[in-house]
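# Pasting the sequence and the predicted coordinates here, then a few questions.
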Amino acid sequence: WDEIYSHPRMLGGFIWDWCDQGIARLLPNGRMQMAYGGDFGDQPNLKAFCMNGVIFADRSYGPKYDEVKRVYQPVYMQMTWFDGQECRLSLMNHNHHTGFELYEGAWRLAIDGRIAHEGDFALPNPKPGESGLATVDLRQALSKYDIDEHDVRLNVEIRLKEDAPWAKRGHVVAHDQLMLRDRQLKVVQRTIKSGGAVAVSEGSSLTVRAGSTTLTFDRDKARLTGLKYGNQTIFAAVDTLPATTFSAFRAPTDNDRSFGNWLAKDWTKHGMANPTVQPLDFKWKRVASDRVELTAEERYAYAEGAIRVKSLYTVYGDGTVDFEQRYAFEGTLPELPCLGMVFTADKGLSNLAWFGRGPMESYPDRLKATRIGRFSSHVASQYTHYPRPQDSGNKESVSELTLTNKQGVGVVITALEKPFSAKVLPYTAQQLATTTHDCFLEELPATILTLDAAVLGLGNSSCGPGVLKKYAIDKHQEHVLKVRFQPYKAK
């Protein structure tokens, strides 16, 4: 999109289908199936290739719609100046025949991710294809803050001034977020209380206790097998699902499967969904009476290559756990869909909140519709029900994430050094990858939390080019996942 808008004579970004071309049919079990190629015994067929619209076949909206609306919006905004009191904006008119006479400007000031102030501002009225300047006065809103100590972002909206034939007054026709101070990592850091002992007991498994925190490790498998805060289970094995595992696989998206199908085929060819896991090393040492370090190393072997995964757990006397994971690549590997850790969380941890991009899902190359802020949701609402199941619910630029039960008790995860990517779903990637239709999905008796150091973009291979290199995972670069786990209780 940046390339398309880089020159007045550049054209492109055309979208083929407005809506998915699916056919709804009621199954004998009472569930509604959105049918596509092959569901009627039709041969040959292109499977879900007809399901590449901006909106769904039933005309409901999803994240694709939000992203297209943001990219196609008639007003583009750019901050040209901010002196700590006033913000000056350049507003580009992308309409072909009208100015801004039908619009009004509104702003919301987010301090540390929460909306603290809001107001209106006067719009210029540039001709089509031209720009005008607007000023947002933030003197009063910022007067009681030391902005260098806070994360400060200005959310700007252009709304309809009056009812129109196609939308009501107040409808947002354009929006953007302007970063005034980036302190996203700083404002989420939680202190580690000094003192408190860390106890380690060795038996069939290794157990570490500190405060209300209990961790268990399988030394033979070099893996964390459980995390509890008091009587509340946070991570544990459920049925055949391990409590924790490294993963470099995602359920192929429609883009991953379409127009040559090369990404999904490569992942299948290399066995990315089912690596052979070899434990290499597990050891622990006491650094101090109130601190213990545990190191686990595994090798995940694929068809023609492998990924060595080294995990470091630092347990403090107050129950805080710092987790760091590093990756080393061997042999031949395909374009990697992700690099990170999957945790099987207690099913009761069904509420999540995060400080990062939202409110809808985001990926490295599909995040213009999102903004950085604080959002909350239910795990069951995190999955976008695409007719053919696929990866969904990813969140970029996350600095803090909480998972809690109905009583507000659970875990808070904060980023150390840089934000991470995350998703929380009632399904595993393997489950999504092997289920043909959304109506056949069954929620697991667990919550699946994924924390990634890197995520592959989505590309446009539904009917176009694949993922641009700048949105791919560079296997020549070091990738590190570094987060902090602490007990949490909502206030």
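Alright, I've got the coordinates. Treat the numbers as computed from the prediction; the structure is a model and nothing was measured.

# Ala429 against Pro252, yeah?
No: assessed by Cβ atoms under 8 Å, Ala429 is found out of contact with Pro252, at 9.5 Å. Using the backbone N, CA and C atoms, a C-beta is placed for each residue, glycine as well.

# what residues are shared contacts of those two?
Jointly contacting Ala429 and Pro252 under the rule Cβ atoms under 8 Å, 6 or more residues apart in numbering are Asp391.

# report the longest helix in the chain, please.
What stands out as the longest helix in the chain, according to DSSP state H, is helix 63-72.

# helices and strands around the helix or strand of the chain with the lowest mean pLDDT, which ones?
Counting by mean pLDDT, DSSP states H and E, the weakest-scoring helix or strand in the chain turns out to be helix 254-257, with a mean of 90. For helix 254-257, the packing partners by 3 or more Cβ pairs under 8 Å, 6 or more residues apart in numbering; DSSP states H and E come out as helix 262-269.

# Let me see the mean pLDDT of the helix it packs on.
Mean per-residue pLDDT for helix 262-269: 92.

# So for the following helix or strand past it, what gets flagged as buried?
Scanning forward in sequence from helix 262-269 by DSSP states H and E, the next helix or strand is strand 276-288. Under the neighbour-count criterion of 16 or more other Cβ atoms under 10 Å, strand 276-288 has Val277, Phe282, Trp284 buried.

# for these, which one is nearest Tyr300?
Nearest to Tyr300 among the buried residues of strand 276-288 is Val277, at 5.7 Å by Cβ to Cβ.

# wait, doesn't that closest one sit right on Glu298?
Yes: look at Val277 against Glu298 with Cβ under 8 Å: they come within range, at 5.9 Å.

# Now do Gly464, the pLDDT please.
For Gly464, the model assigns a pLDDT of 65.

# actually Leu46, not the one I typed
87.

# That one against Gln21, yeah?
No: using Cβ under 8 Å, Leu46 makes no contact with Gln21, being 11.0 Å away.

# The most centrally placed residue in the chain bridge partners, please.
When Cα atoms, centre = their mean is applied to the chain, the residue found nearest the centroid is Lys395 (1.2 Å). Taking DSSP bridges as the rule, Lys395 bridges to Ala422.

# Could you check how far it is from Ala301?
Using Cβ to Cβ, to the nearest Å, Lys395 is found at 30 Å from Ala301.

# ditto for Gln189
On the measure of Cβ to Cβ, Gln189 and Ala301 end up 37 Å apart.

# And the two? Which one has more around it.
Neighbour tally, Gln189 and Ala301, criterion other Cβ atoms under 10 Å: the higher count belongs to Ala301, 16 against 13.

# residues touching the residue nearest to the centre of the chain, list them.
So Lys395 contacts Trp354, Gly356, Arg357, Gly358, Glu361, Ser362, Ser421, Ala422, Lys423 (Cβ under 8 Å, 6+ apart).

# Show me which of the residues you listed is closest to Gln477.
Nearest to Gln477 out of those is Ser421 (Cβ to Cβ; 15.6 Å).
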